[in-house]
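Trainee: This is a predicted model, with the sequence first.
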Amino acid sequence: MSASLSTASLSASDRAESWQDTVSHTFVPMTVDFLEEVPSPGEIVGHRLGPVRISRVQAGPQVVTRSRHLADGDSPTLVLSLQERGTALKEQDGRETLIRPGGFSITDTSRAFRQKIDEEFAFTSFHFPRAELDVPEKDLRALTATAFDGTEGSAALVATYLGQMAREAAGLDETVGRRAASTALDLLALFVDDRAGRARPQDSQSAASLERVKDHILRNLHDPDLSPSTIAEANFMSVRLLHKLFHLEGATVGGWIRTQRLERCSRDLLRPMARELGVAGIARRWGFANSSHFTRTFRAAYGMAPRDWQVGAHFARRNG
């Protein structure tokens, strides 16, 4: 489900009130104070995947404040924001920090907070009930109003996966969307555990378990329903442990599956079977249920569409 709200078509005098209503409706009730005499147009594009609401927000300089009075009595909800443009000053739980482009932060909307951005900005937020994240409260409270670098360690896994999920959200059906959201929450729980320094499995045991899991995945790459939950169940482990095993070697479950499928598709596209199966048939052979999604994924990985990959290889063979 998608929705888009914009103040671009409104007169400057109407933008302030409309934006206040839009922000409070999208997130939670809060006040907005503009830092420019004439508010710039603002836009919010939203999607919902299961319990997770995704919102891409872009607007001009402003301060948003959720007072203790507004927060009292509300059900605990969390917002993780990936900063794309502009630098945000976040304040909550007695801490304040700057969130620069490429980083992310976590906010608990059941408590007072403040965010100031004194330039044009864009960020993508992920809003979900606190109950959906299975981590100790003290571990989570230690992370609010903290800047996380989306290029390193477990933070990079979270930022990369969430960014990709947001880009693909509009094209995901309800079932796939719910699974994607579930994986995102598992990765976020892994991130919280990692920041809290919780014990990880022993290396030798982890290596053996990871190899067993990878073997299971490779034997089931053809199954479009292959997911962290089905993999974990088949290998008698929790989904969180499954994510931890891949995190130990700097990968994600979904990313590793995608890479294995793409490698096999890229080989099969150059084999005689491609004439009979076609691009869509080869994609289905390796678990890609949606051909347009396969084409986008292939292009992102190889820099060209599957058919261009075939043409280029055939041309190279003729002229080699």
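Mentor: Received, thanks. The shown structure was predicted, so the numbers you read here are calculated from the model rather than taken from an experiment.

Trainee: residue contacts, residue 105?
Mentor: 80-81, 83, 88, 90, 97, 99, 144-148 (Cβ atoms under 8 Å, 6 or more residues apart in numbering). To be clear about C-beta, it is placed using only N, CA and C from the backbone, and glycine gets the same treatment.

Trainee: Please identify the helix or strand for it.
Mentor: Per DSSP states H and E, residue 105 falls inside strand 103-108.

Trainee: Residue 292 reaches residue 168, doesn't it?
Mentor: No - in this structure residue 292 lies outside contact range of residue 168 using Cβ atoms under 8 Å: 10.9 Å.

Trainee: Tell me which of these two has more neighbours.
Mentor: The residue with more neighbours, out of residue 292 and residue 168, is residue 168; 17 against 11, by other Cβ atoms under 10 Å.

Trainee: got a list of what the more buried one touches?
Mentor: Contact analysis of residue 168 by Cβ under 8 Å, 6+ apart lists 180, 293, 296.

Trainee: packing partners for whichever helix in the chain runs longest?
Mentor: The longest helix of the chain (DSSP state H) is helix 174-195. Here helix 174-195 touches strand 43-49, strand 52-59, strand 121-129, helix 137-141, helix 153-168, helix 228-234, helix 239-247, going by 3 or more Cβ pairs under 8 Å, 6 or more residues apart in numbering; DSSP states H and E.

Trainee: Mind listing what's buried along the one helix or strand residue 294 maps to?
Mentor: In this assignment (DSSP H and E), residue 294 forms part of helix 291-302. Within helix 291-302, the residues scored as buried using 16 or more other Cβ atoms under 10 Å are 291, 294-295, 297-298.

Trainee: So what touches that helix?
Mentor: Counting by Cβ under 8 Å, 6+ apart, 168, 171, 258-259, 262, 265-266, 279-280, 283-284, 288, 304-306, 309 sit against helix 291-302.

Trainee: And those residues, which of them are buried?
Mentor: For the contacts of helix 291-302, buried by 16+ other Cβ under 10 Å: 168, 258, 262, 265-266, 279, 283-284, 288, 306, 309.

Trainee: where's the closest residue to residue 41 other than its chain neighbours relative to residue 177, distance?
Mentor: In this structure, residue 41 finds its nearest non-sequential neighbour in residue 8, 3.9 Å apart by Cβ to Cβ, 6 or more residues apart in numbering. Between residue 8 and residue 177 the distance is 28 Å, computed by Cβ to Cβ, to the nearest Å.

Trainee: Neighbour count: the two, which is higher?
Mentor: Set residue 8 next to residue 177 and count neighbours by other Cβ under 10 Å: residue 177 wins out with 22 against 9.

Trainee: hang on, isn't the more buried one packed against residue 50?
Mentor: Yes - in this structure residue 177 lies within contact range of residue 50 using Cβ under 8 Å: 6.0 Å.

Trainee: count of neighbours near residue 277?
Mentor: 16.

Trainee: what sits against it?
Mentor: With Cβ under 8 Å, 6+ apart, residue 277 has these contacts: 268, 285.

Trainee: what's the pLDDT at it?
Mentor: For residue 277, the model assigns a pLDDT of 91.

Trainee: In PDB, list the C-alpha atoms belonging to whichever strand or helix holds it.
Mentor: Following DSSP H and E, one finds residue 277 within helix 273-285. Taking C-alpha atoms only, helix 273-285 is exported to PDB below (Å, rounded to 0.1, in the frame of the first residue of the first chain):
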ATOM      1  CA  MET A 273      19.000 -23.900 -22.500                       C
ATOM      2  CA  ALA A 274      18.400 -20.100 -22.600                       C
ATOM      3  CA  ARG A 275      16.900 -20.300 -26.100                       C
ATOM      4  CA  GLU A 276      14.200 -22.700 -24.800                       C
ATOM      5  CA  LEU A 277      13.600 -21.300 -21.300                       C
ATOM      6  CA  GLY A 278      14.000 -17.600 -22.000                       C
ATOM      7  CA  VAL A 279      15.000 -15.000 -19.400                       C
ATOM      8  CA  ALA A 280      11.900 -15.400 -17.400                       C
ATOM      9  CA  GLY A 281      12.200 -19.200 -17.300                       C
ATOM     10  CA  ILE A 282      15.800 -19.100 -16.100                       C
ATOM     11  CA  ALA A 283      14.800 -16.600 -13.400                       C
ATOM     12  CA  ARG A 284      12.100 -18.900 -12.200                       C
ATOM     13  CA  ARG A 285      14.500 -21.900 -12.300                       C
END
